[in-house]
Structure formats: structure tokens, C-alpha cells
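Asks: here is a sequence with its predicted model. Questions after.
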Amino acid sequence: MSVRNVWYMLALVALTMLPLAGCSGSTSTAQTTGKGVQLTVGGNVDTSKASGKTVTLAAGDANSVTVYDAQNGTALGTTAIDTNGKFSGLTFTLPSAKTILVFKAIVPQGVFRSIVPLDLSVPPAAGITASNAINIAISQESTNIATTVSAMLGLTGVLGDTGVTLPTGKTYADVAQQVVDNGGQVLAYNTTGLELKGSVASASLLPARDASTLSFADLNNMKFDAKIISAFIPGKNPIVNFQVTDKATGKGISGLKTFGLHIAKLVPETNGSSSYWVNYLDRGITLPAPLAFATTADKKQVTGTIGKPVADPGKTLVASNAVGIDFTKNPIGSVLIPGYTVIDKGDGSYTATFYSDVTSNTNAPYDASATTRIGVTVTTVAAPGVTATFPTDPATGSVNANIAANNRLAVVYDFVPATGAMLSDSTGKQLFARNLVPTEACNGCHTNIASILGHTARPNLLLCDICHTNSNTSGEAEMVTFIHRIHAGKNLPVAVVAENVANPTKLVPRPAVLVPYGTFAFPQDMRNCTVCHQGTEAAAWKTKPSKKNCGSCHNNVDFATHQGGQTDDKNCAACHGEGKMKDTVANHATDYSTPNNPQTPAGLVNFKYDLKTVAVDASNVATITFRILSDGGTGAAMAPVTLTAAGGLTGFTGGPSFLFAYSKTATNQSFSSSADYNNAGLKAAQPKSVALTAIATAGTLGTPDANGYYTATVSAAASGLTTGAKMRTVALQGYFTQVSPASGRHTISVVKTVTGDTARRVVIDAGKCGACHEVFEGHGGNRNIGKDTVGEAVCTLCHVPNLSSSGKGTNASATTFPASMTATEQALLTADGFTLLDPTTYPEETNNFKDMIHGIHAGSSRTTPLKFVRDRGSVVLYFSAASFKFPAVLKNCEACHVGDTGSGNSFKYAAYKSVPSNAQVTTDLTSDGTVLTLTNNVTAVSAARTSLPNAQDLVTTPFTASCVSCHDLATSKMHMKQNGGQIKVLRSAAVPANEACVTCHGVTGTASIYISHRF
């Protein structure tokens, strides 16, 4: 067995001479007697690698090695260790052919031991007459194995201690199996002599990678995996067996020293109230030895280091938090999270033994029959108390021992201590208790909760659950209330600043500064509970209503005066259960059917659009084959609708329309082909649309075929399609308005490229927009994208590179502000330093899709948040992204962009291989050169937007535009300019080909976009 030094190491090398086939050799130091086999052992003690810790040695113990019979605790023999670290003459007689031996060495550096099962019951093959040397290593590792095996046997001490022997009923086989399972070995005959045998490593995990060899790149890029194999509480100290592997190869990661360990029990639901977790470690567990630390006068804050009991170097205590350990409630000598011992089996397998006595916490009474959750976190390759050379970040030169946040691990295991049984279903499949919201549901919007939320060591919601409980010591952040209030945010009926500061039921009330509730905006309909509730017990949100579960969002309800006066939760389901008069599901139905929340209020009809083909003839007449499907308001399968002759639908007003986009070379914007639409010749580069109900004046509408498809034609004059137009594309957008019940029936827009034309590149995955937004309803619900979007997003047809905001053309004067701007926006515009009565000072920015979306999502992370005024005629809008906070990892481009396909669409590939020769510059300000005044701004801005593209427009080159929309620091802009980028220069002076960004930031560059944006 290899020796892996953790903190201390002592090696005992024994030359063991045993008789073979029952015969004693004349030179052997072993002989057979009437009482058994007598052994004489010699060796040496190597203390060169010991840590220098000192212990108090009793008389006669100093520098000695003793071997014990674990069955009865009898000392079989003792010998001294001389000043040179050598010993000899340790003679003892084996009491039986199968014996559990405990070697215990006491030196100034500490007490170390090794449990060695010895099996001489099966003699070697006939004819073998020689003995062989056996090396038995005693180290901190073997001591950890001895401690763990003793705990697994249900002992309160460690074998080798006074009075600690094998429990009644435990056999040689029981102990030998535990020793092997925890990384030790058995001494027995083989075909040539004696050898140490045991399965100390799993072949499937070998060869393992030692954590000490991991580079900085490994810590950032390697995807780790872990799983808990088993867990036990045989006595007072929990024990957990787990594996850590390289996810790509399935091979083990050995040599890890630091882990986070967690344990809690589940209290079952009662009287209508939900089940909840109680953390065994949260309230503090008294330790058997005094701790060395100092506290503030109020006894609520640790001011010094929390030490460990000097009498036992194998038990390291780790303070969970230097602030908030209230020693007025927990006596001196207690700590929230004590230490642990770890056995590293060399193949990526580990056994950790909690030092916590979970049966002693009176604040969380131990229940062996309760469902119990053990958690393990893996976040670093550092070793406690050991100075080592760790990987260095080549960019900063800083030393780093931590695994990148998005690669950290947190795994849990649910079991019942009384039986040791894993929580599982009838087929044996592993289950997790209270699995209401899976981590994947959180990551759908947050990318990786370990990367963007607190406690980066805990990337698993099942682990979050067992600390964020109603028994939390600090009186804050109970999971249900905490998460509901954060996500309800600005939608909370009653504003809540933070958790209760002085809740007397909590151990350590803290200042209410944890989360400023009410400042966040949920990016979709708040009633969509199922966007989060997707676990195996997801139905609980609708089947188990309670005051806490519901009141955390509906915090304006006074349950004392609520219907009937509700003092507890037992009657909630009587009214709010499924099928009841105030059915939770019915009251959380969203206005529009979505993948996560398909149910809509009774009678409302849902639609789906289908564009089959689009063709354009030589006269630029478009022929469109399409159909519209409906569920009839019953939730039934979608079926084609029958339109009226005028293109309408009985029972509805309004209806969808066709939207036409294209690219075409123009004065001041010449190209042979374009990567983007520019809608040249149209005011503000905005595409034309033709409503179905106006089709009679713009073209024709035929009758449906057998599958419900209609054929419509649209004239060139109506569509805006002209000779020379390329990349011609049509969208079906807009919606019907239902008469009864009265409701606009917003529908996902669909996009189709004209047959034979090159389609616009697909850069973003609109389905990923749906991860946060479910359905994003743009422009009053006329243009919608979401989880159901396939292919190109409709947004790109209007938000083209030639589009900038129009606020400078607002009709206002030195005495009259824009009446159609809300009072709130007027105040915000003024507060941001703009002159309300002078539209020529209003901020103008590009509304090109990539720049605008980057700027919106970067929000307050930018030096200067995106701000602009848009004049819609009927309403003037001031937009500011200053209050926006991206809920995910901002530099994770693939949160929105298509994945790593290598097909030419991914942000990782074509977009950054080179500056596309046909990419269009971004228009930041539209101008024909006219100086704007309060007397000419309306007509001048309108004229410039009509003559677009203009030589005097201010533009930004394509590659730079993508980057500066997030990276807007002055130093970043200077870097871009130094490498050929141009920011807000005259269109006539822009030279996109001069951008040299790809040299460093291309796929093969030293600072590729992919590498620079990893997290």
C-alpha cells in the first residue's frame, strides 16, 4: 500500500519471518510454540516527515511500538525505539491463525496506528520453505483508516486505545472487510510466501490523476464528476464513501485533501405543513476538548484562530464562520462545523469521517430512523495546514489552488441511518427527498448557480436545501421564503426590505442586509411556477398549499383574517387543492400557453403559426404557403383554422401579418453580399408588413388545401421587395384578439427564407432566450420568441445594423416636454443628466440586435449603461439598462448564442475566425449632416432616417461593435482602436477590413474569445 502523507507520517518497516507449511527454519526469528506462532519483529521509525506536533507522553510510552490483539485489547508485545529511530526484539505470539493486530507507535510527533488483519489459516503450497520480508506502513493515513474502521464497528474510541476492543458479534471477517473497504490490506500467504492483500483501488478508476499535478488550465477547464457510494452513522460520527473523477475519462482524481461535509435530517410534513430539513451541524456541537480562540465582548464574534485539541493531531476543527457563532447560546468549547478525517484510497475513492458527534446536538435531536442527507463538496486542491506550490495563473502570476467555480462539485446522498438503506424507488433507482426544484432548472436561467450566487462551493440545490432551513442559526434565508421573495422581487404585493432582523426563534439574528427584496424583476410571468418546480416532487406546488409556501409571494394575505381564519395549514388544500374552488393550478394559469405552463384560463384560444414555403417571382411578387393552428380553447391538439374570405377569424378581431426583410446594396453601403439585413430604401431600415386582413388590397388569399395550408400572394409594392434584393425573408407575426373572453392571443412568430436565397446566419438560439423569458413578447406581443422558436428569431428582421433610436426627433420644445412620456421616465431622464425640454440632447444609440441585446444584458455591469430615447409617435420611451442585473454568467456567450457546433454558426467559430467581409457596420447615430435645433429636429431626423444610409451617420466597425457593447471601459475602447477598430466614426470613413482583432481573439489566437470568456 502506498504511503500518502496528509499531515504526519511514520513508517514502521517490519521484517517478518514466518514458518512455511508449519515448519520453522533454523535462521528464522519465528517459531511455532504450543500457544501458537511466535513472531519477532524489527524495524525503524522514520520521523523526518512528521509535522513536529508534540503530545504528552506517559512514562514508558515515549518512543515505543506496541502490538495489540484487537479481540480483547491484550498487549502482545512492546519494544523501544532508539535514538536512531530503530527498534528490534518486538516478540509476540499470535493467539490464533486469524488475528486482528493493532500496531500503535508513540513518538514525540504523535500517536499513530495501523490495523493489520493477519490470516495464516491457509498455508502456502507444498515445497515453499523460505520466508519473505513484509513492509507495514504506519502513517497518518493508516491512522485515519484505523479511526474509520473503529467507527464503522460502532466503537466510541479507536482500536488500540485502553478498553477499546472488537464489539460483541463482530468477527475477523467483519473487520478485515472494513479494513480493505477503507484502503487497508490483509497479511496472508500467497503461493510464494507472505503478502499484503486487499482491493485498495478500483481498476475502472485507474490510472488516477493526482490532484497535485493539476495545472491552472486543468483547474479551469477540466470537468470533474463525483458521486457518493454509501453513507453510515454506525455510532456517533457519520461516515461517507465517495468518488471524484475526471468526467471526460471516468478515471479517478486522487490526492484531494479538502472537502466540505454536510448532514441534515428531514422532518416529515404534518398537518398540511411541508416537510423541512434540520441541519445537525448548524447549531453547534460541543467538543470534548477546549478550543483556543478569543471572542468579542458580546461573545458573538471570534477574534482569533479556532484551534484544535492538542491531544489528538488527527482531528482538525474548521470554523464555519468567524462571525455569527453566538457563544451566549453555544458554550465555549463548541463550533458550528468541526473537522473530519479522510482516507485517500489512491484511485479517486475517499472515505471521510465527520468529527461531529451528531447525536449530541440538543438543538437538532438525532433520529436514526429519519431520512438523512449527507453532502460533499469539492472545490480545491489545497491541503489544510500544508504549504505547497500550487498552479500559477499565467495571466496574473497569482497562485491558485481552487477549481473554477463552474467545475466545482456538490453531491448528496439520502439514506436512513438505522438501516443504512439508500433512498430509492421500487426498482432501486436512487431518489432524493424534497426534490422540488432541480439544479438544472436554476441553471436554465443562472447558467451555473456556483458561478453567480453566494457560496460558490455549493453548486447543487439539493445541498442548498439543507442549510437554508427554518432552523438556520442566523434567522435568515429559509429556502422557500428566500427564493420566492427574491424572484417575486418588484412583483411582491408588499415591499419587503429583508428577512426579520430580530426573530427570537433564531439563534443568531443578523442585520437585515442579506438580500434587498423587491429590487429584482422576474423575466417572465410570475405565475409560471413550473419553470422552477421540475423535480420528482414538482407537483407539491399545486397539491400542497400552505401559509409559508404561498404567503412568501402573496405576502399581502393576512391568514388570521383569511377565509375561515387559518391558524395552521391543515385546511389549505380544501380550497386550493386540485379541482377545488380556488384551484392553485387554475389561479396560476398564464395568459399564453408555454412549454412549462401549458394551461391558460378557461376558454382562451392558443395559436401556432406555420410558414411552409415562400417564393418570389421575377416581378417580385411573393407567394407564401402558410397555415394557422388552434387548440380551440380546450387545450386539445392543435388543428388548422379556417379563415374568413377577408383573412380574419370568426370570434376574433385583428390578426397576424407578414413581415418582409432583405439586404440590398445602396449608396454609402455597397456590397456584393451581406451578412445582415439592411432593408435599404425603407425609412429607418424598417421592413414593411402586410396584415392578413388587408391581403385583399395587397395581393390575394386562396382557399386551404387538405392540410389547412393557405396560399397568399403579396405585391412588390406592398412587401417592399425590389430587384436586386437578396437574403429575402418573411415572418408571420402579430396576433388575433379574442372577443370573448377578451384577450390578445400572443403567438410565437415564425420566419422563412425565400426559396433559393441564402438564409441569414443563425447566431443566437432563440430557445435559449426562453430559458429565462419562457416567451419574450416584443412590441406589445406582436413579435415573440421563446422555447418554441425554431431557427431564426424574428427580432433580426427589424433590428438591423442601419437602425438607431429615434428620440432626437421627438416633438417637444423649450416649454413643452413630450406629453406621451410617462412621469417616471421623465424624472429618470432628467436624473440621468439629459434636458427634458431639449430632445436634441436625448441619448441616441444603435438598435442593431447584437449591440442592443449585449448592452441590455450587460446592464449595470457596463461603465456607462445603455440608454436611449425612442419616439414611437403615440408614446415616447426613455430606456435605461442601468438597473438591469444579468442573472447568469455575463461572459458565458453560449447562454444566448448557438452551441459549440463547429458548423459556422457558433460564437466560438465563424463569428471570430475573421472579420466577415460582408458584415455591416453598426449605425450609432443617424444623420444627414444637418445640425439639429429645437425648430428643425422633427423634420431633420425624419429626413435623415428616410435617406439612410447616410455618409454622415456615425458608425462602429462590426467586430468592435460586438465587443464594445459590453466592454465599454475607456481602456478597452483604446485597445480596440489601436488594433483597427473604429467607434462612432463617419460612415464615409469606416474601414471594417482594418480590424485586426482576429489576430489575438480568433479561434486559434492566444486570447481567443472562447478562452477569454471561460468562467
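Replies: Looks like it arrived, so ask away.
Asks: ok, which stretches of the stretch 401-550 of the chain are helices?
Replies: Using DSSP state H, counting those that start in this stretch, the helices assigned to the stretch 401-550 of the chain run over residues 439-446, 449-452, 461-464, 479-488, 540-543, 547-551.
Asks: in JSON lines: those, plus mean pLDDT.
Replies: Below are those laid out as JSON lines (pLDDT from 0 to 100):
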{"stretch": "helix 439-446", "mean pLDDT": "93"}
{"stretch": "helix 449-452", "mean pLDDT": "79"}
{"stretch": "helix 461-464", "mean pLDDT": "93"}
{"stretch": "helix 479-488", "mean pLDDT": "89"}
{"stretch": "helix 540-543", "mean pLDDT": "93"}
{"stretch": "helix 547-551", "mean pLDDT": "91"}
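Asks: nearest to residue 895, of these?
Replies: Closest to residue 895 of the helices of the stretch 401-550 of the chain, according to C-beta to C-beta: helix 439-446, at 9.0 Å. (Glycine included, C-beta is placed from N, CA and C.)
Asks: around the nearest residue to residue 410 once chain neighbours are set aside, how many other residues sit close by?
Replies: Using C-beta to C-beta, 6 or more residues apart in numbering and skipping the chain neighbours, the partner closest in space to residue 410 is residue 460 (3.8 Å). Other residues near residue 460 number 19, with proximity taken as other C-beta atoms under 10 Å.
Asks: would you confirm that residue 652 contacts residue 738?
Replies: Yes - with the criterion set as C-beta atoms under 8 Å, residue 652 and residue 738 qualify as a contacting pair; they are 5.6 Å apart.
Asks: separation between the nearest residue to residue 546 once chain neighbours are set aside and residue 99?
Replies: If you skip the residues right next to it in sequence, residue 546 has residue 569 as its closest partner in space, 4.1 Å away by C-beta to C-beta, 6+ apart. Computed as C-beta to C-beta, to the nearest Å, the residue 569 to residue 99 distance reads 60 Å.
Asks: with residue 541 instead?
Replies: Taking C-beta to C-beta as the measure, residue 541 and residue 99 are separated by 59 Å.
Asks: sorry, back to before: can you list residues touching both of residue 652 and residue 738?
Replies: In terms of C-beta atoms under 8 Å, 6 or more residues apart in numbering, residue 652 and residue 738 are both contacted by the residues 605, 745.
Asks: before we move on, back to that, residue 122: which of the helices of the stretch 401-550 of the chain is closest?
Replies: Ranking those by their distance to residue 122 (criterion: C-beta to C-beta) puts helix 461-464 first, at 46.7 Å.
Asks: helices or strands next to the closest one in the packing?
Replies: Here helix 461-464 is seen to pack against strand 372-378, strand 409-416, helix 439-446 when contacts are counted using 3 or more C-beta pairs under 8 Å, 6 or more residues apart in numbering; DSSP states H and E.
Asks: taking strand 372-378 as reference, get the angle to the second one.
Replies: Put plainly, it is strand 409-416. 160 degrees (axes from the mean of the first three to the mean of the last three C-alpha atoms, to 10 degrees).
Asks: contacts for strand 409-416?
Replies: 224-228, 230-231, 240, 242, 244, 260, 368-379, 403, 421-423, 431-433, 450, 457-460, 462-463, 466.
Asks: rerun at 7 Å
Replies: Among residues not part of strand 409-416, those counted as contacts by C-beta atoms under 7 Å, 6 or more residues apart in numbering are 224, 226-228, 231, 242, 369, 371-378, 421-423, 431-433, 458-460, 462-463.
Asks: one step back: tell me which of the helices of the stretch 401-550 of the chain approaches residue 78 most closely.
Replies: helix 461-464 (47.3 Å).
Asks: now do the closest one: distance to the chain's middle.
Replies: Using C-alpha atoms, centre = their mean, to the nearest Å, we find the averaged C-alpha position of helix 461-464 to lie 11 Å away from the chain's own average C-alpha position.
Asks: okay, now residue 477: neighbour count?
Replies: By other C-beta under 10 Å, the residues close to residue 477 number 21.
Asks: contacting residues for the nearest residue to it once chain neighbours are set aside?
Replies: The spatial neighbour of residue 477 that comes closest, neighbours along the chain excluded (C-beta to C-beta, 6+ apart), is residue 468 at 5.0 Å. With C-beta under 7 Å, 6+ apart as the criterion, the residues that contact residue 468 are 477, 478, 479, 482.
Asks: isn't the second one right up against residue 467?
Replies: It stands for residue 478. No - applying C-beta atoms under 7 Å, one finds residue 478 not in contact with residue 467, separated by 10.2 Å.
Asks: neighbour count winner among those two?
Replies: More crowded of residue 478 and residue 467, by other C-beta under 10 Å: residue 467, with 21 against 18.
Asks: quick one: that one from residue 182, how far?
Replies: 28 Å.
Asks: can I take it that residue 100 is in a helix?
Replies: No - secondary structure assignment (DSSP: H, G, I helix; E, B strand; the rest coil) places residue 100 in strand, not in a helix.
Asks: number of nearby residues for the closest residue to it other than its chain neighbours?
Replies: Counting by C-beta to C-beta, 6+ apart, residue 70 is the residue found nearest to residue 100 once chain neighbours are left out, at 3.8 Å. Residue 70 sits with 25 neighbouring residues when counted by other C-beta under 10 Å.
Asks: cool, and the one 4 residues further on?
Replies: Residue 74: 12 surrounding residues under other C-beta under 10 Å.
Asks: for it, which non-adjacent residue is spatially closest?
Replies: Closest residue to residue 74 in three dimensions, ignoring its sequence neighbours and counting by C-beta to C-beta, 6+ apart: residue 68, at 6.6 Å.
Asks: list the buried residues for whichever strand or helix holds that neighbour?
Replies: Under the criterion DSSP states H and E, the helix or strand holding residue 68 is strand 64-69. Applying a neighbour-count criterion of 16 or more other C-beta atoms under 10 Å, one finds 64, 65, 66, 67, 68, 69 buried in strand 64-69.
Asks: next, the distance between the ends of stretch 178-189.
Replies: Between the opening and closing residues of stretch 178-189 there is a gap of 20 Å (C-alpha to C-alpha, to the nearest Å).
Asks: check which helix or strand residue 870 maps to.
Replies: Assigning secondary structure by DSSP H and E places residue 870 in strand 867-871.
Asks: just the C-alphas of whatever helix or strand comes next after that strand, formatted as CSV.
Replies: Toward the C-terminus, strand 867-871 is succeeded by strand 876-880 as the next helix or strand (DSSP H and E). Listed in CSV are the C-alpha atoms of strand 876-880, where the atom choice follows Å, rounded to 0.1, in the frame of the first residue of the first chain:
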residue,chain,number,x,y,z
VAL,A,876,-42.0,58.4,-26.3
LEU,A,877,-39.9,55.9,-24.4
TYR,A,878,-36.8,56.5,-22.3
PHE,A,879,-34.9,53.3,-21.9
SER,A,880,-32.1,52.7,-19.4
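Asks: what's strand 876-880 in contact with?
Replies: Counting by C-beta under 7 Å, 6+ apart, residues outside strand 876-880 touching it are 807, 810, 818, 820-821, 825, 828-829, 832, 865, 867-870.
Asks: same question, stretch 167-178
Replies: Residues contacting stretch 167-178 (C-beta under 7 Å, 6+ apart): 70, 98, 100, 117, 149, 152, 153, 154, 155, 166, 186.
Asks: any idea how far that stretch is from the middle of the chain?
Replies: On C-alpha atoms, centre = their mean, the centre of stretch 167-178 falls 43 Å from that of its chain.
Asks: end-to-end on it?
Replies: 14 Å.
Asks: and this structure, what are its domain boundaries?
Replies: If you go by automatic domain parsing, the domain ranges for the chain are 11-200, 205-284+336-423, 607-797, 807-1012.
Asks: where does pLDDT dip in the stretch 251-400 of the chain?
Replies: Within the stretch 251-400 of the chain, the segments meeting pLDDT under 70 span 282-339, 384-388.
Asks: okay then, goodbye and thanks.
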